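In: Pasting the sequence and the predicted coordinates here, then a few questions.
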Amino acid sequence: MDVLLEFNSVSVSFYEEKVIENLSFSLKQGDVIALLGPSGCGKTTILNITSGLIDPTRGKVSLHTKKFGYVFQEPRLLPWRTVIDNILFVMREKNKTDKKQKAIEILRMVSLDHVANYYPSKLSGGMKQRVSIARALATHPELILMDEPFSALDPKLKYELQQDVIQLIDENHIGIIYVTHDPLEALRLADRIVVLSSQGCSIIHEMKIAKKRNERDYEFLTQVEIELRKWVGGI
Ligand SMILES: Nc1ncnc2c1ncn2[C@@H]1O[C@H](COP(=O)(O)OP(=O)(O)OP(=O)(O)O)[C@@H](O)[C@H]1O
């Protein structure tokens with residue numbers, strides 16, 4: 001399997017503050033890694049380094065694909081464009097009819113084709129976040145960076161969108177780095193959970209989850225959550 005991303009002894013400081021110290025990990029095609037850590041430990045910084053928004057102070061980051069999407073905590077849609085135009089905006093396809101057809105198919109994947117011509121202001125928070133996931137998918141990414149994409153949503157909507165993401169992961173074989181505070185969310189979505197410390201964002205525990213996502217029932221999740229919480233502490 002191809003490696004998409006490698007962090008080798010990466011450190012990041014902002015002014016005098018050391019945020020990340022000596023972090024190493026890698027991600028292969030189709031791998032879903034959840035980064036679980038306390039607020040302010042540097043999870044978003046890891047995504048920003050991966051996407052090239054920030055340079056590491058020391059160490060090396062190798063991103064072996066140019067095809068990646070970023071789903072932010074807030075949807076960040078262009079308010080003056082309709083839902084479909086937000087999707088078309090990021091697509092590279094040349095043929096206009098094909099392009100529109102593909103955009104509609106992507107919206108159908110997140111059950112939003114019926115609001116294709118709405119402006120973002122007419123959508124609920126959950127719908128906006130679905131559009132931003134669709135927009136990330138529209139670039140045919142090999143890797144998607146997701147920064148607590150559902151943290152602002154109510155539990156029911158959060159659960160439904162997690163189900164959408166699980167389906168997208170299983171159907172599209174995309175590598176994902178998923179940042180969250182929520183151990184249960186990490187357990188439902190990821191193949192591998194990386195627990196980060198508050199100091200220096202170092203890895204304090206890694207958990208591999210061999211069971212398929214659609215076979216992780218309540219009993220399994222409860223059992224593993226107890227194990228994971230021993231490492232997560234006060235997150
Ligand atoms: N561009 C920047 N300039 C200066 N300091 C920064 C910058 N980006 C992040 N920081 C600092 O780095 C630390 C880690 O921030 P980061 O957003 O990566 O944490 P986080 O784990 O994602 O937090 P949260 O879970 O609350 O979103 C914080 O102290 C933050 O203030």
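Out: Happy to help now that I have it.
In: contacts, neighbours, all on C-alpha from now
Out: OK.
In: Grab the nearest non-local neighbour of I104.
Out: D113 (5.9 Å; C-alpha to C-alpha, 6 or more residues apart in numbering).
In: ok, that neighbour touching L107?
Out: Yes - counting by C-alpha atoms under 8 Å, D113 does reach L107; the two are 4.9 Å apart.
In: The two - which one has more neighbours?
Out: Using other C-alpha atoms under 10 Å, the more surrounded residue of D113 and L107 is L107, with 25 against 16.
In: Let's verify the more buried one: helix, strand, or coil?
Out: helix (DSSP: H, G, I helix; E, B strand; the rest coil).
In: Identify the residues contacting the nearest residue to H64 once chain neighbours are set aside.
Out: Of all residues beyond its chain neighbours, the one nearest H64 is L4 (4.9 Å), with distances taken as C-alpha to C-alpha, 6+ apart. The neighbours of L4, taking C-alpha atoms under 8 Å, 6 or more residues apart in numbering as the test, are 26-29, 63-65, 143, 175.
In: Just the ones in helices from the residues you listed, please.
Out: The members of the contacts of L4 all map outside helices under DSSP state H.
In: which of the residues you listed has the most neighbours?
Out: L143 (29 neighbours).
In: Look at it and report its pLDDT.
Out: The per-residue pLDDT reported for L143 equals 93.
In: Any idea what it is bridged to?
Out: Counting by DSSP bridges, L143 is bridged to F68, G175.
In: Run through the strands of this protein in chain order.
Out: 3-14, 17-28, 32-36, 58-63, 68-71, 143-147, 175-180, 192-196, 203-208 (DSSP state E).
In: Ok, which of these comes nearest Y119?
Out: Nearest to Y119 among the strands of the chain is strand 68-71 (18.9 Å), distances taken as C-alpha to C-alpha.
In: quick one: L189 from S9, how far?
Out: L189 sits 27 Å away from S9, going by C-alpha to C-alpha, to the nearest Å.
In: what about those two, which has more around it?
Out: In this view L189 and S9 are compared by other C-alpha under 10 Å, and L189 has more residues nearby, 25 against 16.
In: That one: what's it in contact with?
Out: Applying C-alpha under 8 Å, 6+ apart, the residues near L189 are 32, 34, 162, 165-166, 213.
In: Please indicate which of these has the highest neighbour count?
Out: A34 (28 neighbours).
In: Can you spell out which residues form a bridge with it?
Out: Beta-bridge pairing for A34 (DSSP bridges): Y178, I193.
In: need the contact list for it.
Out: A34 touches 177-180, 186, 189-194, counting by C-alpha under 8 Å, 6+ apart.
In: overlap in contacts of D113 and L107?
Out: Going by C-alpha under 8 Å, 6+ apart, no residue sits against D113 while also sitting against L107.
In: which of the contacts of L4 are close to the ligand?
Out: Among the contacts of L4, proximity to the ligand is found for none (C-alpha under 6 Å from any ligand atom).
In: What distance do you get for the nearest residue to R135 once chain neighbours are set aside to the ligand?
Out: Excluding the flanking residues, the one nearest R135 by C-alpha to C-alpha, 6+ apart is I87, at 5.0 Å. Distance, I87 to the ligand, by C-alpha to the nearest ligand atom, to the nearest Å: 26 Å.
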